[in-house]
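**Student:** what's the 3D shape of this:
(one chain, ligands or ions: 1)
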Amino acid sequence: MTTTTSQLFRASIADAKAIHDLVNTFARKGEMLPRTMAEVYENLRDFYVVRDETNETVACGGLHILWEDLAEIKSLAVREDMQGQGLGQRIVDACLDEARSIGLTTAFALTYRPGFFEKLGFAQADVMTLPRKVWGECYRCPKFPGCNEIAMVRAL
Ligand SMILES: CC(C)(COP(=O)(O)OP(=O)(O)OC[C@H]1O[C@@H](n2cnc3c(N)ncnc32)[C@H](O)[C@@H]1OP(=O)(O)O)[C@@H](O)C(=O)NCCC(=O)NCCS
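**Tutor:** Sure thing, here's the model as predicted:
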């Protein structure tokens, strides 16, 4: 079910703090990786958000291009009381539509929620099949090489 009162937007500067809060609330619980405010600002143009009827930002997620054929769905987070209403799917669909429209052929996510991505047509893969991600970013992460996020990949 999708709520009729929540709407999807490209993120604006006014969403940055809410994106930071959403992501880091789940990061503190070990459910996703933390992001600094600088990372949010630097990547703000990647992001979609959902705002509720009071204009509060209740969900976020972004499409980050890694190479000519590859993009990552990043920092996907839906406020706890807004989960299960189709908002996560709406953001992923927007990212996939954009990825297709600019000619990308593969999207992936690193996640502790593989079931959600499976539902959206992604399939589990070995993260080492994504060398541009591993050697471009993962190797600088404090969790590397012991990260237990699961790679989920979808052809577009
Ligand atoms: C994972 C998350 C983004 C899902 O967002 P959501 O808005 O609750 O999910 P949706 O309502 O869009 O769900 C879409 C479909 O996926 C299913 N789904 C949602 N979470 C699921 C899960 N953990 N396992 C299996 N299926 C799941 C839903 O049942 C729904 O299926 P349906 O259409 O048959 O009813 C959200 O739970 C969240 O923010 N979690 C914490 C942060 C996190 O783990 N982010 C992912 C990191 S990449």
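
**Student:** give me the most central residue, the chain.
**Tutor:** With distances taken as Cα atoms, centre = their mean, the residue of the chain nearest its centroid is Lys74 (2.8 Å).

**Student:** which SSE is that residue in?
**Tutor:** strand 70-78 (DSSP states H and E).

**Student:** starting at the chain centroid, how far to that strand?
**Tutor:** 2 Å (Cα atoms, centre = their mean, to the nearest Å).

**Student:** contact partners of it?
**Tutor:** By Cβ atoms under 8 Å, 6 or more residues apart in numbering, the surrounding residues in contact with strand 70-78 are 19, 22-23, 25-26, 32, 35, 43, 46-47, 50, 58-66, 87-88, 91-92, 95, 99, 104-111, 130, 132-133. From N, CA and C alone the C-beta is placed, and that goes for glycine too.

**Student:** so which of these are also by the ligand?
**Tutor:** Within the set of the contacts of strand 70-78, contact with the ligand (Cβ under 6 Å from any ligand atom) is found for Phe26, Met32, Leu87, Gly88, Ala109, Thr111.

**Student:** in PyMOL, how would I select the buried members of those residues?
**Tutor:** Here is the PyMOL command that picks out the buried ones among those, judged by 16 or more other Cβ atoms under 10 Å:
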select buried, resi 26+32+87+88+109+111
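
**Student:** which residue in the ones next to the ligand among the contacts of strand 70-78 has the weakest pLDDT?
**Tutor:** Least confident entry in those, by pLDDT: Met32, with 90.

**Student:** check which helix or strand covers the closest residue to it other than its chain neighbours.
**Tutor:** The spatially closest residue to Met32, leaving aside those adjacent along the chain, is Phe26, at 4.8 Å (Cβ to Cβ, 6 or more residues apart in numbering). Element membership of Phe26, judged by DSSP H and E, is helix 16-28.

**Student:** give me the distance from stretch 21-40 to the chain's centre.
**Tutor:** That offset, for stretch 21-40, works out to 11 Å (Cα atoms, centre = their mean).

**Student:** can you measure across that stretch, start residue to end residue?
**Tutor:** 10 Å (Cα to Cα, to the nearest Å).

**Student:** and whichever strand in the chain runs longest, which residues are buried?
**Tutor:** The single longest strand within the chain, with elements called by DSSP state E, is strand 57-67. Under the neighbour-count criterion of 16+ other Cβ under 10 Å, strand 57-67 has Thr57, Val58, Ala59, Cys60, Gly61, Gly62, Leu63, His64, Leu66 buried.
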